[in-house]
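> Pasting the sequence and the predicted model now:
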Amino acid sequence: MEYKSYMCVICGWIYEEEQGLPEEGIAPGTRWEDIPANFVCPECDAGKEDFEMIEI
């Protein structure tokens, strides 16, 4: 299954499933749907609902 990327529509920060976010305890390969609902953007604190899938 192909990895996807999601961008914060508030500040433009990008979460890439393949890379994860190890410094926040999210392992590489973690799918967006497996990230907790209370996740916030590390750049601007926007909620998970403020992200949209993008093509890189």
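The structure has been received and is ready for your questions.

> all strands in this protein, in order from the N-terminus.
Using DSSP state E, the strands of the chain run over residues 5-8, 14-16, 51-54.

> In CSV, list the ones you listed along with distance to P36.
Just so you know, the C-beta spots here come from the backbone N, C-alpha and C atoms, and that holds for glycine as well. Listed next are these as CSV, based on distance: least, CB to CB, whole Å:
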stretch, distance to P36
strand 5-8, 14
strand 14-16, 13
strand 51-54, 13
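
> Throw those into TSV and include mean neighbour count and mean pLDDT, thanks.
Putting the strands of the chain into TSV (neighbours: other CB atoms under 10 Å; pLDDT from 0 to 100) gives the following:
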stretch	mean neighbour count	mean pLDDT
strand 5-8	18	98
strand 14-16	17	98
strand 51-54	13	98
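
> tell me the centre residue of this protein?
Y15 (3.3 Å; CA atoms, centre = their mean).

> for the spatially closest residue to it that is not a sequence neighbour, what are its contacts?
Once flanking residues are discounted, Y15 sits nearest to Y6: 4.8 Å by CB to CB, 6 or more residues apart in numbering. Contact analysis of Y6 by CB atoms under 8 Å, 6 or more residues apart in numbering lists 14-15, 32, 51-54.

> for the residues you listed, which one is nearest I26?
Y15 (8.4 Å; CB to CB).

> which residues does that closest one contact?
Counted by CB under 8 Å, 6+ apart, Y15 has contacts 5-8, 21, 32, 35, 51.

> Columns distance to E43 on top of those residues, output as CSV?
Formatted as CSV, these follow (distance: CB to CB, whole Å):
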residue, distance to E43
S5, 15
Y6, 13
M7, 11
C8, 7
L21, 12
W32, 17
I35, 15
F51, 12
